[in-house]
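> starting from these lines, generate the structure:
(chains A and B)
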2 protein chains.
Amino acid sequence: MPHLAYDSVIFGFNGKQLKILVLEYHNTDFFALPGGFVKRDESVDDAVKRGLRERTGLENIYLEQFHTFGDVSRPAPDVMRTILMNNGYEVKHDYWMFDRFVSIAYYALINYEEVSPLPDELSDSINWYSLDELPSLMMDHQQIVDKALETLRENLDKKLVGMNLLPQKFTMKNLQKVYEAVLGEKLRRTSFQRKMLSKDILVRHEKLFNGGAHKAPYLYSFKSKIVKEPEKV
Amino acid sequence: MPHLAYDSVIFGFNGKQLKILVLEYHNTDFFALPGGFVKRDESVDDAVKRGLRERTGLENIYLEQFHTFGDVSRPAPDVMRTILMNNGYEVKHDYWMFDRFVSIAYYALINYEEVSPLPDELSDSINWYSLDELPSLMMDHQQIVDKALETLRENLDKKLVGMNLLPQKFTMKNLQKVYEAVLGEKLRRTSFQRKMLSKDILVRHEKLFNGGAHKAPYLYSFKSKIVKEPEKV
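Predicted coordinates:
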């Protein structure tokens, strides 16, 4: 379908650091979020699911739609033309990809050590970049990343429940590491713990006996009744 | 632009009740949210602003985009054809309006006593309906209303700050009425007040002396530093 595209901001977390999946197009200096187009006979959610699989090799990722970018200034026919030409495609000047597109944007938060993204035929590479080492992204993709991060930071506790980012049982320290990576700041252990416990979203389980000399921490899991199922796309 | 439409959920509140602005198309039984299309040379935000003005007469309303509806099942060429025919338009079977559309949805929350919506040339009437007396809406418009309400209920305090729904200074009771209308339930006065004061979003001012015999309530305003500017469209 002309005029309709999607972009996906895939946040990755490995227990310590927050990263973002970025691909680089063949023979260009263009770094971009994994994105794509919508087919006539598929829903937008299905298109995102398919496109992400085709472009990155990632499957079964929980994505949430967060914003649609529809500025008049966002079409970039020159960028499109360069990508296509440098991949050996010859196209006419009125090719549908050169027209105006709005982009419906989705984000996900996954453990990047559990997946192995693969570049598609248009891309040289697909890599995880730390937030503070992102390359310069093409078009309005940096704006899309900023908005995704802003959205992820709101009500993070509710989002984490459905995301399978943490193991089913985790320590307060595990949870704090996620918050610190997403918020981009160090948090005080005692006030973080107090705040989390006051939210009534955690169930406390047995202690984690790891044989160490220091005090064993409790294990927690999320209360399942507050699970808000994110859109599975 | 083909394939791109918007719909707007305009919530109205008059100090007591939450209502939604719904229009009825001429000579049909179709009730719908105010919506429209996007021109080639205008951003989606501008299209919504223009469309809302043309269809309802409302201007300068703070709208926030909340979701894009892109199911394959949502196109409704028969509905479009009926609306156009019953308004005296003859169109070909492959007219662009009969094609598939995704709808970028926006919501607003305004004081409905301060505005006078006017029906456009396609519509018989445009009226405020209580949530529990909504007529049966066409296409997926009920789903759009449900999602808008769900979104409005999340972080309502942050949303209210930018919305100019309340006067600049208001009582705790004024604020509670908004919450009760949006959440659709009665709240306990003491726990509501405690919760609001704990959020650190309010500034307390002088008491409201209204000459009554009962205890004068304090006036409050929102702390301006936490103002998160909503998109003005």
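
> hmm, which helix or strand of chain A has the shakiest average pLDDT?
Of all the helices and strands that make up chain A, the one with the lowest confidence by mean pLDDT, DSSP states H and E is helix A:77-85; it has a mean of 80.

> how near is A:Ala5 to chain B?
Counting by C-beta to the nearest C-beta, to the nearest Å, the separation of A:Ala5 from chain B is 11 Å. Every C-beta, even on glycine, is put in place using the N, C-alpha and C of the backbone.

> tell me which element that residue falls in.
strand A:4-13 (DSSP states H and E).

> what packs against that strand?
Secondary-structure packing of strand A:4-13 (3 or more C-beta pairs under 8 Å, 6 or more residues apart in numbering or on different chains; DSSP states H and E): strand A:18-25, strand A:35-37, helix A:44-56, strand A:102-110, helix A:141-153, helix A:172-183.

> out of the ones you listed, nearest to chain B?
For the helices and strands packed on strand A:4-13, distance to chain B was read as C-beta to the nearest C-beta. The smallest value, 2.8 Å, belongs to helix A:44-56.

> other SSEs contacting that closest one?
Where contact means 3+ C-beta pairs under 8 Å, 6+ apart, helix A:44-56 is packed against strand A:4-13, strand A:18-25, strand A:35-37, strand A:102-110, strand A:123-130.

> what is the burial count for A:Asp45?
By other C-beta atoms under 10 Å in any protein chain shown, 20 other residues sit near A:Asp45.

> that one against B:Gly70, yeah?
Yes - using C-beta atoms under 8 Å, A:Asp45 and B:Gly70 qualify as a contacting pair, with a distance of 6.8 Å.

> look at stretch A:178-192 and report the distance between its end residues.
Distance between the boundary residues of stretch A:178-192 (C-alpha to C-alpha, to the nearest Å) amounts to 12 Å.

> buried residues in it, which are they?
Going by neighbour count (16 or more other C-beta atoms under 10 Å in any protein chain shown), the buried part of stretch A:178-192 is A:Val178, A:Tyr179, A:Glu180, A:Ala181, A:Val182, A:Phe192.

> do stretch A:66-74 as well
A:Phe66, A:His67, A:Thr68, A:Phe69, A:Gly70, A:Asp71, A:Val72, A:Arg74.

> got it, and stretch A:96-108?
For stretch A:96-108, using 16+ other C-beta under 10 Å, the buried residues are A:Met97, A:Phe98, A:Arg100, A:Phe101, A:Val102, A:Ser103, A:Ile104, A:Ala105, A:Tyr106, A:Tyr107, A:Ala108.

> quick check, it touching chain B?
Yes - counting by C-beta under 8 Å from any C-beta of the partner chain, chain B has neighbours in stretch A:96-108: A:Arg100, A:Val102, A:Ile104.

> nearest to B:Ile83, of the residues you listed?
Nearest to B:Ile83 among those: A:Val102, at 24.3 Å, using C-beta to C-beta.

> mind listing what the closest one touches?
Applying C-beta atoms under 8 Å, 6 or more residues apart in numbering or on different chains to A:Val102 gives the contacts A:His3, A:Leu4, A:Ala5, A:Thr68, A:Phe69, A:Gly70, A:Arg74, B:Leu4, B:Val44, B:Ile104.

> with A:Leu52 instead?
Taking C-beta under 8 Å, 6+ apart as the contact definition, A:Leu52 lies against A:Ser8, A:Ile10, A:Pro34, A:Gly36, A:Leu58, A:Ile61, A:Leu63.

> which one of those sits in the busiest neighbourhood?
Ranked by neighbour count under the definition other C-beta under 10 Å, these are headed by A:Ser8 with 28 neighbours.

> so what's A:Asp7 bridging to?
Beta-bridge partners of A:Asp7, counted by DSSP bridges, are A:Gly35, A:Ala105.

> sorry, back to before: B:Gln17: which of the contacts of A:Val102 is nearest?
B:Ile104 (27.9 Å).

> and the gap between the closest one and A:His3?
When C-beta to C-beta, to the nearest Å is applied, the distance between B:Ile104 and A:His3 equals 12 Å.

> what is in contact with these two at once?
Contact criterion C-beta under 8 Å, 6+ apart; residues shared by B:Ile104 and A:His3: A:Val102, B:Leu4.

> what about stretch A:159-177, how long is it end to end?
Counting by C-alpha to C-alpha, you get 15 Å between the two ends of stretch A:159-177.

> same check, this time on stretch A:149-164
According to C-alpha to C-alpha, stretch A:149-164 extends 18 Å from its N-terminal end residue to its C-terminal end residue.

> show me chain A divided up by domain.
The domain map for chain A lists A:4-154, A:167-226, with the assignment taken from automatic domain parsing.

> winner for burial among the ones you listed?
Burial among the domains of chain A, expressed as mean neighbours by mean count of other C-beta atoms under 10 Å in any protein chain shown, is greatest for domain A:4-154, which shows a mean of 18.

> gap between that domain and the chain center?
Taking C-alpha atoms, centre = their mean, to the nearest Å, the mean C-alpha location of domain A:4-154 is offset from the chain mean by 10 Å.

> where does chain A dip in pLDDT?
In the predicted model, chain A carries pLDDT under 70 at residues A:75, A:210-214, A:225-233.

> and chain A, which residues reach chain B?
Where proximity means C-beta under 8 Å from any C-beta, the interface of chain A facing chain B comprises A:1-4, A:38, A:40-46, A:65, A:67-68, A:70-73, A:100, A:102, A:104, A:154-155.

> mind telling me what element A:Gln65 is part of?
A:Gln65 belongs to strand A:64-69, assigned by DSSP H and E.

> pull that strand out as CSV, backbone CA atoms only.
Output for strand A:64-69, consisting of C-alpha atoms alone and laid out as CSV, is shown next (Å, rounded to 0.1, in the frame of the first residue of the first chain):
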residue,chain,number,x,y,z
GLU,A,64,3.5,-2.2,20.9
GLN,A,65,2.4,0.5,18.6
PHE,A,66,3.2,3.9,20.1
HIS,A,67,2.9,6.7,17.6
THR,A,68,2.3,7.5,13.9
PHE,A,69,4.7,10.0,12.3
